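1. compute the structure for the input listed below.
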Amino acid sequence: MPLRRKKALQAAWKPLLFQWLVPGAGYWMIGEKGRAKVFFGVWVLFCLLAAFQLQYGAVDGVRGGVFVPVQGAWLPTLGAFGTLGVGPVYGLFAWAFGGAGTEPVRTLTQEYGATYVMVAGLLNWLCCFDLWDRITGRWVFRLPKDEQEKLAKGE
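-> Predicted coordinates:
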């Protein structure tokens, strides 16, 4: 049976926090080192591609692209929440390429850079959900019924 309520939170809070701080660290903590290495590599690649495209896509020194929360505007705030999945690195991206001093109309290169950051963030949020399922034992319910039955019988 999967872990519930307090036991689930006690078992999962630390790997989830480390997964958000350093993408891949949560998988590393639960012993899935291969998955952790691959995910960390993808995260680093996407962040580097984003940084280069956001930096060198600037026209006339105007930088922009990374979503930051805007009071009263739900779409940029939702985009900022998705991008926040990259962890504390989001603060660097938001400081350098987002905020009130940036131009809303950007070049296509900057748009690609912002998309790389957001995809890396959303991917990490999905990994956090997967990590929760793996730690609490809920991953079994994602299997087809026949595989669930085999697992329950111990085959």
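2. buried stuff in stretch 28-43?
-> Applying a neighbour-count criterion of 16 or more other C-beta atoms under 10 Å, one finds 28-30, 32, 35-36, 39-40, 42-43 buried in stretch 28-43. No exception for glycine: its C-beta is placed from N, CA and C like everyone else's.
3. what ranges do the helices span in this protein?
-> When secondary structure is read from DSSP state H, the chain shows helices at 5-21, 25-29, 33-56, 74-83, 89-97, 108-136, 145-153.
4. mind giving me the packing neighbours of the shortest one?
-> Contacts defined by 3 or more C-beta pairs under 8 Å, 6 or more residues apart in numbering; DSSP states H and E place helix 25-29 against helix 5-21, helix 33-56, helix 108-136.
5. chain center to that helix, what's the gap?
-> Between the mean C-alpha point of helix 25-29 and the mean C-alpha point of its chain there is a distance of 14 Å (C-alpha atoms, centre = their mean, to the nearest Å).
6. picking up where we left off before, JSON lines for the buried residues of stretch 28-43, including distance to L16 and pLDDT?
-> Putting the buried residues of stretch 28-43 into JSON lines (distance: C-beta to C-beta, whole Å; pLDDT from 0 to 100) gives the following:
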{"residue": "W28", "distance to L16": "13", "pLDDT": "97"}
{"residue": "M29", "distance to L16": "10", "pLDDT": "96"}
{"residue": "I30", "distance to L16": "10", "pLDDT": "94"}
{"residue": "E32", "distance to L16": "14", "pLDDT": "94"}
{"residue": "R35", "distance to L16": "15", "pLDDT": "95"}
{"residue": "A36", "distance to L16": "14", "pLDDT": "97"}
{"residue": "F39", "distance to L16": "14", "pLDDT": "96"}
{"residue": "F40", "distance to L16": "16", "pLDDT": "97"}
{"residue": "V42", "distance to L16": "19", "pLDDT": "96"}
{"residue": "W43", "distance to L16": "16", "pLDDT": "96"}
